[in-house]
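>>> Everything below, folded, please.
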Amino acid sequence: MKPVMAVSRKKALDYAEYILSRPRRDYRVTLKRGRTGATLLHDGRAITKCHKSRVGALQTAFLAQALGVEVPRVGESATAEVPSGVLYRAVAIASLDFRKPEARSVLVQLLSVAARLRSS
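Numbering: from 1, shown residues only. Got it, this is the predicted structure:
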């Protein structure tokens, strides 16, 4: 596994917006977990990041669930092929602030739709 250069969350989200503006049937993405958190990659570039914190751990767990993969151990990664709708929802989940109560209801909806999109 080649090392990933540190990239800001803003730059990662800019790239996510760029690739999601061109919907595709399948995106091959990799969820990589490191010492400072987790990063979702497409073609070796960061799409979104989850920091190492209580909120970041929740984001990572639910992001993995949306993608249909297990949360990788530190230093490992998990790969999935997902449609653009699932990827969109995974990025949205990684942006939720779980300290706010309304985030839970949004999460339920995002996970539900992601599961339906993965199964179709």
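
>>> switch to C-alpha atoms for all contacts and neighbour counts from now on
Fine.

>>> Three-state assignment for residue 31, please.
strand (DSSP: H, G, I helix; E, B strand; the rest coil).

>>> pretty sure it contacts residue 74?
No - contact criterion C-alpha atoms under 8 Å: residue 31 and residue 74 do not qualify, at 10.9 Å.

>>> Tell me the helices and strands packed up against the longest helix seen in the chain.
Secondary structure of the chain per DSSP state H: the longest helix is helix 102-119. When contacts are defined as 3 or more C-alpha pairs under 8 Å, 6 or more residues apart in numbering; DSSP states H and E, helix 102-119 sits against helix 54-67, helix 84-94.

>>> mind checking how far the residue lying farthest from the centre of the chain is from residue 107?
Here the chain reaches farthest from its C-alpha mean at residue 101, the gap being 20.7 Å by C-alpha atoms, centre = their mean. Distance of residue 101 to residue 107, given as C-alpha to C-alpha, to the nearest Å: 10 Å.

>>> Same drill for residue 31 and residue 74, tell me which one is more crowded.
residue 31 (27 against 13; other C-alpha atoms under 10 Å).

>>> Distance of the closest residue in space to the more buried one that isn't next to it in sequence relative to residue 34?
Leaving aside its sequence neighbours, residue 31 sits nearest to residue 40 (C-alpha to C-alpha, 6 or more residues apart in numbering; 4.5 Å). From residue 40 across to residue 34, the span is 11 Å (C-alpha to C-alpha).
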